[in-house]
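*Asks:* what follows is a predicted protein model with its sequence.
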Amino acid sequence: MTDADAIRVLAIACSPREAGNTDALLDAAIAGATEAGARVEHFVLREMSISPCAACGACASGSGRCIVEDDMRRLYEPLVRAGRIIIASPVYFMCLPAQAKAMVDRCQPLWVRRNRGEDVSEARHPRAALYLGVGGGDLPHLFDASRTVLNSWYWTLQVFERRELSFAGVDARGAIAQHPSALADAREAGRSLAAWGRE
Ligand SMILES: Cc1cc2nc3c(=O)[nH]c(=O)nc-3n(C[C@H](O)[C@H](O)[C@H](O)COP(=O)(O)O)c2cc1C
């Protein structure tokens, strides 16, 4: 298989905390995807400057593109080209942290195009995504709101296959490493996502 044939995986790290539980899960999933021959592009939202959507309406009138000049510009092309997406995020106040929600909201230009009936995905294959979630507590419905946001995002991005691996009760930085199977599970989830439809 040449590099041009390799499945493209977009990996998005959404935790503001460096070297925390989300990063560990995502690193394991990336290792699994790489083992499966994928080419991974890794973005770390805390290292990027992404403004919230200002609802200026520019994307809805005219080109369907966002006019805001910030680091979101680096993400639009991978978002439409990737065959696989891995989004890894902690739960903040029962939902995604603000950095992740800002990124999702800035996909409004893609929603505009999709809502007009245009194809947003430029991937060569049906797209699949994996949500890696972690929360410090274990309240019921801990991942529901994040999942709801992501399902809306997946509709916009034309993600066909939707997977999730989430862990409750993991709070301290690095505590995920004490979980009996989380990192191995994430590695396998990354491998399996990259191999989906190709095995
Ligand atoms: C601002 C903030 C809000 C949080 N809200 C929740 C919450 O609603 N439910 C929960 O179970 N954990 C909550 N947590 C705990 C994190 O989800 C938990 O510490 C997680 O392991 C952090 O992952 P990280 O190490 O990748 O940053 C919150 C943490 C912070 C800093």
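*Replies:* All right, it came through fine.

*Asks:* residues from the protein in reach of the ligand?
*Replies:* Contact residues, the chain versus the ligand (Cβ under 6 Å from any ligand atom): 15, 17, 20-22, 90-94, 134-137, 142, 170-171, 173. Any C-beta I mention is one placed from the backbone N, CA and C, and that applies to glycine too.

*Asks:* buried ones only from those, please, as a ChimeraX command.
*Replies:* Selection of buried members from the residues of the chain next to the ligand for ChimeraX, criterion 16 or more other Cβ atoms under 10 Å:
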select :15,20,21,22,90,91,92,134,135,142,170
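
*Asks:* show only the entries of the residues of the chain next to the ligand found in strands.
*Replies:* Among the residues of the chain next to the ligand, the residues falling in strands (DSSP state E) are 90, 134.

*Asks:* where do the strands sit along this structure?
*Replies:* For the chain, applying DSSP E gives strands covering 8-13, 39-44, 84-90, 127-134, 159-167.

*Asks:* can you redo those strands as a markdown table with mean pLDDT?
*Replies:* Compiled in a markdown table, the strands of the chain are given as follows (pLDDT from 0 to 100):
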| stretch | mean pLDDT |
| --- | --- |
| strand 8-13 | 98 |
| strand 39-44 | 98 |
| strand 84-90 | 99 |
| strand 127-134 | 98 |
| strand 159-167 | 97 |
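
*Asks:* just name the most buried of these.
*Replies:* Stretch with highest mean neighbour count among the strands of the chain: strand 84-90 (a mean of 27; mean count of other Cβ atoms under 10 Å).

*Asks:* okay, now the sheet partners of that one, with direction.
*Replies:* Next to strand 84-90 in the sheet, as set by DSSP bridges, lie strand 8-13 (parallel), strand 127-134 (parallel).

*Asks:* that strand: how far from the chain's middle?
*Replies:* 3 Å (Cα atoms, centre = their mean, to the nearest Å).

*Asks:* isn't G190 up against L25?
*Replies:* No. Using Cβ atoms under 8 Å, G190 makes no contact with L25, being 9.4 Å away.

*Asks:* flag the shaky bits of the chain, pLDDT-wise.
*Replies:* For the chain, residues meeting the criterion pLDDT under 70 lie at 1-4.

*Asks:* need the contact list for the residue of it found nearest the ligand.
*Replies:* When scored by Cβ to the nearest ligand atom, the chain has G20 as its residue closest to the ligand, at 2.3 Å. By Cβ atoms under 8 Å, 6 or more residues apart in numbering, the residues touching G20 are 90, 173-174.

*Asks:* bridge partners for the residue minimising distance to the centre of the chain, pull those for me.
*Replies:* Among the residues of the chain, the one closest to the centroid is I87, at 2.4 Å (Cα atoms, centre = their mean). Bridge pairing for I87 (DSSP bridges) gives the partners I12, Y131.

*Asks:* these two touch, right, it and L132?
*Replies:* Yes. Between I87 and L132 there is a contact at 7.2 Å, judged by Cβ under 8 Å.

*Asks:* can you give me the helices in the chain?
*Replies:* Counting by DSSP state H, the chain has helices at residues 21-35, 72-81, 98-105, 108-115, 144-157, 182-195.

*Asks:* winner for burial among those?
*Replies:* Taking mean count of other Cβ under 10 Å, helix 21-35 is the most buried of the helices of the chain, at a mean of 23.
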